[in-house]
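Peer 1: Make a model of this:
(3 chains)
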Amino acid sequence: MINFSGSNILSVTQFQKKDIDHILSVADDMLPYASGQETTKVLDGAVLANLFFEPSTRTRISFNTAFLRLGGKVTETVGVSNSSLTKGESISDTAKVISSYVDAIAIRHAQKGIVPEFAAASLVPVINGGDGADEHPTQALLDLYTLKRELGTFDHITIAMVGDLKYGRTVHSLAKLLAEYNQNITFQFVAPPELQMPQDIQNYILAKNKQHSIQTTSDLITGINQAAVIYSTRVQEERFSSPKSYEQFRGKYRLNKNIIETHSPKALILHPLPRDSREGSQELNIDLDHLPNLAIFRQAYNGLPLRMALFALVLGVEEKIKNTAKKSNWYINKNF
Amino acid sequence: MINFSGSNILSVTQFQKKDIDHILSVADDMLPYASGQETTKVLDGAVLANLFFEPSTRTRISFNTAFLRLGGKVTETVGVSNSSLTKGESISDTAKVISSYVDAIAIRHAQKGIVPEFAAASLVPVINGGDGADEHPTQALLDLYTLKRELGTFDHITIAMVGDLKYGRTVHSLAKLLAEYNQNITFQFVAPPELQMPQDIQNYILAKNKQHSIQTTSDLITGINQAAVIYSTRVQEERFSSPKSYEQFRGKYRLNKNIIETHSPKALILHPLPRDSREGSQELNIDLDHLPNLAIFRQAYNGLPLRMALFALVLGVEEKIKNTAKKSNWYINKNF
Amino acid sequence: MINFSGSNILSVTQFQKKDIDHILSVADDMLPYASGQETTKVLDGAVLANLFFEPSTRTRISFNTAFLRLGGKVTETVGVSNSSLTKGESISDTAKVISSYVDAIAIRHAQKGIVPEFAAASLVPVINGGDGADEHPTQALLDLYTLKRELGTFDHITIAMVGDLKYGRTVHSLAKLLAEYNQNITFQFVAPPELQMPQDIQNYILAKNKQHSIQTTSDLITGINQAAVIYSTRVQEERFSSPKSYEQFRGKYRLNKNIIETHSPKALILHPLPRDSREGSQELNIDLDHLPNLAIFRQAYNGLPLRMALFALVLGVEEKIKNTAKKSNWYINKNF
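Peer 2: As a prediction, the model looks like this:
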């Protein structure tokens, strides 16, 4: 197993199966602190720089609160307009200066390649919060962690991935992780032909394990049949080659209560969020909201213990969390 | 009395008199901690999401520091441009996700109705920090708390409300609160005819208690006569039907030292702030700044203990504040 | 020596030599806490308002983390677009309200004169984080602190100041500080004639001590000869009277490894940052980055202990830091 202490978290490809298992196990240890039922001061005095050069409210707040719930403090920046980067400062200079002030860094940037360049110059551990179209390792890990919490195991499962599989960063990462770390997965890729899962990722999956199987379809009902998990993603008009091409598939990948109850009543439904609730979008209809199958809010919440685990690991405190544990003394009654 | 623990604070109309009295009494308990003379750790480990989708520096900082002075930590968002709301996410989805990360939420939004919708989906207590033209309950409560601290009682008082009484959210709320909770108030509404207090609010006041009395006038001197309290508000040109109509009243509701000393020397002067100090505005002249009557900065400060009280109440810790109290060990010498 | 407790830090000119010496000595005491090796809770419960009305990511994060590393908490505002200042509120009103909520304030504003006006109305100590073209005392102090840490002494040194010496706020302040507090400094001012050090500052230096000496030149090689310290600054095209005038000096003040090794191999190289790494700029070539002479990142880091020292002094806790000191229990391995 790798030595996490002092390391960066830049890509899921840096880990072996036992590393991933360890991360998910430490995430389990975080659950009482993530919910606020208990508090810990293990990072009392530590400071995180939470650098969201590309804004993303949900992910930013998740990283921020993960560090706070370990007892640390956070300094933040949002957007690039005010940063020295706009005055011609190199990424490396920015990294050297900011990392000299803090103990850990979470960073998101719209441009591919910036995050690893930043990490290379940083004096402290860096966690990638999204690297353009490239990597978003904490999303992939929280998706995997959700499968573990919801299903217990993820060997031998059938997973349907639905929507924009060509540009969807999250489905690429999750497919690769499942292929590498688990046995005999059946992947059902459901997308319009021009937005299907890229061939190199399909090849990657089969190269990892010949026991995996892949089916592709553009028909939703065929694709979700027998699936233990349906991972839905947004289908955006601007991804299509022409408006006509989009019209042909508009609304064809919307899940609703009737479809689920008729065709896949036991399937767990995931989505990386945000889901678009505007007319004409609605990849997940709100009539799904009261089905226990809909795990999207539990999934989003799992980002918190997962990111807490990563901070604890890279700062080498995962064994010390309990030393300062205390029951919290305020009102708590979170019903998911 | 309502059970505050776990509840939302959305509107002053949700309270009865004994609830309000309790809030103001808990606010008094907060004074040593609000001033920084003493510290408490009662919310050590708790996290507030301070969501100012409509920016407002003063109110945001007041909510933020209220939570910090109770020993908690804060994660913040300012403006809507970076939020998932702009990607079509529903208010309900945003509320479910963010509330799963934190222990309490303060929220301000420019659009009427958003705050209650958010609160309905939240897993944790929500405090309304301003809901478009609709509700701003913490402002109304801090105004009332200021009257209590400054006058001891607010039964039987004469209060002059001056300026834009048609669109002024704060004067509407304060008038309703006083009408409901106190005895024999004399309201003197001083405004240009087209910006007078709406008839439905005047009716509300008299319906609550026939002992209340109401006088309306467009003349400042007549209106502030005998008043124990003058509540001044901004008169903005864009609220008038025509520039000519504005010209007729420009500067007619400005208070200055000479007017106060001549016509109402003992009146307490309040204002929701900010006051406009630019030429042509100046509803409160700066020559009032050295009169002890001018309570506007004490009023703004009262927002801090008042908001601390609300956080303590909705998180059910109001009885535990003193358990971790300590004298602070840094320089303190705030002279109001 | 002045009594720092409760005072504002607005300008380096407010101090005498013994005050400066004391600040730098307290900054030394901060080093174990600045690096994160140890933690202190001396400001546990205290709240800083970090008001960057003019954005500056590096300086803002430096003030923020300085307060956090003393055990305090921070509330922040960035930019003026959302502030009450845009609604016509006076600086004095803003200062009175915000200072009533917090225990200390750091403030930066693009407009000269705003910071002292704010400080005059504040109820709590104010530290100037940059006051338009006027004052930036913490930068000047951290530059001086860097000379002390790097050279041990700064008496009798030869310092070359290079680049835009006419508009460069940092070189003005550092030159004045050195002139006032130290002996027999040789100043070598290296700049295009139209951007040379203003005559009034040259006069100020010699008026302070006739033992100081000044040489001016537009030639880089001549100017850095024999220098113990080279303080480089940006030369921006828009500062020149004409594009033609700029073309004449474009790139003439760029330092690189070859120049340093040939002409001034022992010189310490400083820069206020950010340095512009874009083609056509590059006042400090990146081939300097591996020379131990290049002190720019140690210099930027020194802003942290220096600002911690100022907060400790104005809040009167500089003697109490050690009372709550503890070794930190997370990974630390910052190699500058």
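Peer 1: Okay, now the unreliable bits of chain A?
Peer 2: Chain A contains residues with pLDDT under 70 at A:82-86, A:280-281, A:336.
Peer 1: can you pull out the strands in the stretch 51-200 of chain A?
Peer 2: A:73-78, A:104-109, A:126-131, A:158-162, A:186-190 (DSSP state E, counting those that start in this stretch).
Peer 1: For chain A, list the residues in contact with chain C, please.
Peer 2: Within chain A, the positions near chain C by CB under 8 Å from any CB of the partner chain are A:5-6, A:42-47, A:49, A:73, A:75, A:77, A:81-84, A:87-90, A:93-94, A:96-103, A:123-125, A:314-317, A:320. Using the backbone N, CA and C atoms, a C-beta is placed for each residue, glycine as well.
Peer 1: quick one: contacts for the residue most central in space within chain A?
Peer 2: The centroid of chain A falls nearest to residue A:139 when counting by CA atoms, centre = their mean (1.0 Å). By CB atoms under 8 Å, 6 or more residues apart in numbering or on different chains, residue A:139 lies in contact with A:59, A:130, A:169, A:170, A:173, A:272, A:303.
Peer 1: Go again with 6 Å.
Peer 2: residue A:170 (CB atoms under 6 Å, 6 or more residues apart in numbering or on different chains).
Peer 1: circling back to that earlier point, can you tell me which of the strands of the stretch 51-200 of chain A is nearest to residue A:260?
Peer 2: Nearest to residue A:260, of all those, is strand A:158-162, at 11.6 Å by CB to CB.
Peer 1: Please name every helix or strand in contact with that closest one.
Peer 2: Under the contact criterion of 3 or more CB pairs under 6 Å, 6 or more residues apart in numbering or on different chains; DSSP states H and E, strand A:158-162 touches strand A:186-190, strand A:229-232.
Peer 1: Show me which of these has the highest average neighbour count.
Peer 2: strand A:229-232 (a mean of 26; mean count of other CB atoms under 10 Å in any protein chain shown).
Peer 1: Strand partners (parallel or antiparallel) of that strand?
Peer 2: In the sheet, strand A:229-232 lines up against strand A:158-162 (parallel), strand A:268-270 (parallel) (DSSP bridges).
Peer 1: On the C-terminal side of that strand, identify the next helix or strand.
Peer 2: helix A:243-249 (DSSP states H and E).
Peer 1: and of the strands of the stretch 51-200 of chain A, who's closest to residue C:65?
Peer 2: strand A:73-78 (5.7 Å).
Peer 1: Pull out the buried positions in stretch A:286-300.
Peer 2: Neighbour counts using 16 or more other CB atoms under 10 Å in any protein chain shown place A:288, A:289, A:293, A:294, A:295, A:296, A:297, A:298, A:299, A:300 of stretch A:286-300 among the buried residues.
Peer 1: Just to be sure, which of the residues of chain A next to chain C are found in helices?
Peer 2: Counting by DSSP state H, the members of those that fall within helices are A:93, A:94, A:96, A:97, A:98, A:99, A:100, A:101, A:314.
Peer 1: thinking again about what came up before, could you say which one of the helices and strands packed on strand A:158-162 comes nearest to residue B:255?
Peer 2: The nearest among the helices and strands packed on strand A:158-162, by CB to CB, is strand A:229-232 at 60.4 Å.
Peer 1: How about residues contacting that closest one?
Peer 2: Outside strand A:229-232, the residues touching it (CB under 6 Å, 6+ apart) are A:159-163, A:224, A:267-271, A:283-284.
Peer 1: Of these, keep whichever come out buried.
Peer 2: A:159-163, A:224, A:267-271, A:283-284.
Peer 1: now, which of the residues you listed sits nearest residue A:184?
Peer 2: For those, the nearest to residue A:184 is residue A:159 (11.8 Å; CB to CB).
Peer 1: Could you pick out the residues of chain A near chain B for me?
Peer 2: A:36, A:39, A:55, A:57-58, A:61, A:64-65, A:68, A:274, A:276-278, A:281, A:297, A:300-301, A:304, A:328-331, A:333-334 (CB under 6 Å from any CB of the partner chain).
Peer 1: Look through the stretch 101-250 of chain A and state the residue closest to chain B.
Peer 2: Relative to chain B, the nearest point of the stretch 101-250 of chain A is residue A:234 (8.7 Å; CB to the nearest CB).
Peer 1: Next, count neighbours for that residue.
Peer 2: By other CB atoms under 10 Å in any protein chain shown, the residues close to residue A:234 number 21.
Peer 1: Could you tell me how far it is located from chain C?
Peer 2: 30 Å (CB to the nearest CB, to the nearest Å).
Peer 1: secondary structure element for residue A:277?
Peer 2: Per DSSP H and E, there is no helix or strand for residue A:277.
Peer 1: Is it in contact with residue B:87, as I believe?
Peer 2: No - Residue A:277 lies out of contact with residue B:87 (CB atoms under 6 Å); the separation is 9.9 Å.
Peer 1: The closest residue to chain C within the stretch 151-300 of chain A in helix, strand or coil?
Peer 2: Using CB to the nearest CB, the closest approach of the stretch 151-300 of chain A to chain C is made by residue A:274 at 24.1 Å. Three-state secondary structure (criterion: DSSP: H, G, I helix; E, B strand; the rest coil) places residue A:274 in coil.
Peer 1: Please name the nearest non-neighbouring residue to it.
Peer 2: residue B:89 (3.6 Å; CB to CB, 6 or more residues apart in numbering or on different chains).
Peer 1: Who are the contact partners of residue A:172?
Peer 2: residue A:201.
Peer 1: ok so, going back, could the strands paired with strand A:229-232 go into a markdown table alongside distance to residue C:194?
Peer 2: Output for those, formatted as a markdown table (distance: least, CB to CB, whole Å):
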| stretch | distance to residue C:194 |
| --- | --- |
| strand A:158-162 | 64 |
| strand A:268-270 | 64 |
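Peer 1: Let me know whether residue A:312 touches residue A:318 as I believe.
Peer 2: Yes - counting by CB under 6 Å, residue A:318 is a contact partner of residue A:312 at 4.2 Å.
Peer 1: And for the residue nearest to residue A:274, the neighbour number?
Peer 2: 20.
Peer 1: one step back: between the strands of the stretch 51-200 of chain A, which one is nearest to residue B:240?
Peer 2: In terms of CB to CB, the element of the strands of the stretch 51-200 of chain A nearest to residue B:240 is strand A:73-78, at 38.4 Å.
Peer 1: sorry, back to before: just put the helices and strands packed on strand A:158-162 in TSV and tack on distance to residue C:189.
Peer 2: Shown next, in TSV, are these (distance: least, CB to CB, whole Å):
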stretch	distance to residue C:189
strand A:186-190	68
strand A:229-232	65
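Peer 1: domains of chain A?
Peer 2: A:12-135+A:303-327, A:138-297 (automatic domain parsing).
Peer 1: okay, the ones you listed, which one's buried deepest?
Peer 2: Using mean count of other CB under 10 Å, domain A:12-135+A:303-327 ranks as the most buried of the domains of chain A, with a mean of 21.
Peer 1: measure it end to end?
Peer 2: End-to-end distance of domain A:12-135+A:303-327 (CA to CA, to the nearest Å): 34 Å.
Peer 1: now that domain, how far from the centre of its chain.
Peer 2: 14 Å (CA atoms, centre = their mean, to the nearest Å).
Peer 1: how much space is there between the residue nearest to the centre of chain A and residue A:11?
Peer 2: As judged by CB to CB, to the nearest Å, residue A:139 and residue A:11 stand 12 Å apart.
Peer 1: now do residue A:122
Peer 2: Plainly put, residue A:122 is 16 Å away from residue A:11 if you go by CB to CB.
Peer 1: pretty sure residue A:197 contacts residue A:189?
Peer 2: Yes - Residue A:197 is within contact range of residue A:189, at 4.4 Å (criterion: CB under 6 Å).
Peer 1: what is in contact with these two at once?
Peer 2: With CB under 6 Å, 6+ apart as the test, residue A:197 and residue A:189 both reach residue A:165.
Peer 1: Done for today, thanks.
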